[in-house]
Structures are given as C-alpha cells and as structure tokens.
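A.B. asks: My questions concern the predicted model and sequence given below.
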Amino acid sequence: MLLLTRKAEFSAAHYYYVDAWTPEENLRLFGKCANRNGHGHNYTLEVTVAGEVDPVSGFVMDLKALKDTMEREVVQVYDHRHLNLEVPEFRTALPTTENIAVAIWRRLQGKIHGARLHRVRVYEMPDLFADYYGEP
C-alpha cells in the first residue's frame, strides 16, 4: 500500500459562540473567537489517499482527479466564506479546526475513486492543525 497526499489552501472567516452560554462564558473560553462578527484564517488542507500502484498506469490514482475533487467539494465551498453563516455543516457545529477536518472528510468520503481516503489534515495557519482518519 502507498500513501499519496495532495495539498490545497483556502481562506475563511468564523466565530465560536454557544448560544446557551452567557457572553462572559463564551469570551472566557473562546477569547477573540467569540466575536460574532468573526475573523479570518488561512487554512492548508492535506488529503491523503491509500492504495496499490496499478502495474500498467503506475498510479495509485490520478492526482489531477483528486485535486479536482478537493477543489469542487471543499475549496469552492469554503474559500472566502464565513463558515458559520454560509456553509451548511457549520450552522449547527462550531467551525473549529477539528470540526472542519471532520466535515471535509464527510464531504470527500465516497467521492474519491481509485484509492481509499486515508487522512484529512487541516492547518489553521500559522500553527494549529487537526488530523482526521474517519470512523474507527
């Protein structure tokens, strides 16, 4: 088995706020991220697929097809968007780096052909990241 990773980038705004909490509780836990106007981040996405090398083509899968799928399913949906307000999966879930990784996995699952989705890694630049490997 071989692992291949493709990278993409997107920029998006978000905020963290739990409506059931007081503004003070939100501010204490989330700090500046509790500002309902939101703020932006640059994100790096890495998608890793696993599979066997085809003896004829030499590919595990066509990496252009993987790039196109990532662009269609993630970048076009998330790039330059306010995640809380414009992306359906974050209307009810906080767009933390962890939740973004899970949501991207769900967006890509079943849409990658020729290989198995192995890992989704999301970096919230400059220094935070989350890995997601799917359901156990």
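C.D. replies: Yep, it's here.
A.B. asks: For this protein, give me the ranges with low pLDDT.
C.D. replies: 126-132, 135-136 (pLDDT under 70).
A.B. asks: Quick one: the strands in it, in order.
C.D. replies: Ranges of strands in the chain, per DSSP state E, are 2-14, 39-51, 81-82, 116-124, 128-132.
A.B. asks: For residue 64, see how far away the residue of the chain most remote from its centre is.
C.D. replies: Distance from the centre of the chain peaks at residue 56, with 32.8 Å (C-alpha atoms, centre = their mean). To residue 64, residue 56 is 18 Å away according to C-beta to C-beta, to the nearest Å. C-beta: built from backbone N, CA, C; applies to glycine.
A.B. asks: what do you get for residue 106?
C.D. replies: 23 Å.
A.B. asks: same thing with residue 45?
C.D. replies: In terms of C-beta to C-beta, residue 45 sits 17 Å off from residue 64.
A.B. asks: The two - which one has more neighbours?
C.D. replies: residue 45 (21 against 9; other C-beta atoms under 10 Å).
A.B. asks: In contact with the residue lying closest to the more buried one once chain neighbours are set aside, which residues are there?
C.D. replies: Nearest residue to residue 45 in three dimensions, chain neighbours excluded: residue 8, at 4.8 Å (C-beta to C-beta, 6 or more residues apart in numbering). Contact partners of residue 8, counting by C-beta atoms under 8 Å, 6 or more residues apart in numbering, are 44-45, 47, 67, 70-71, 74-75.
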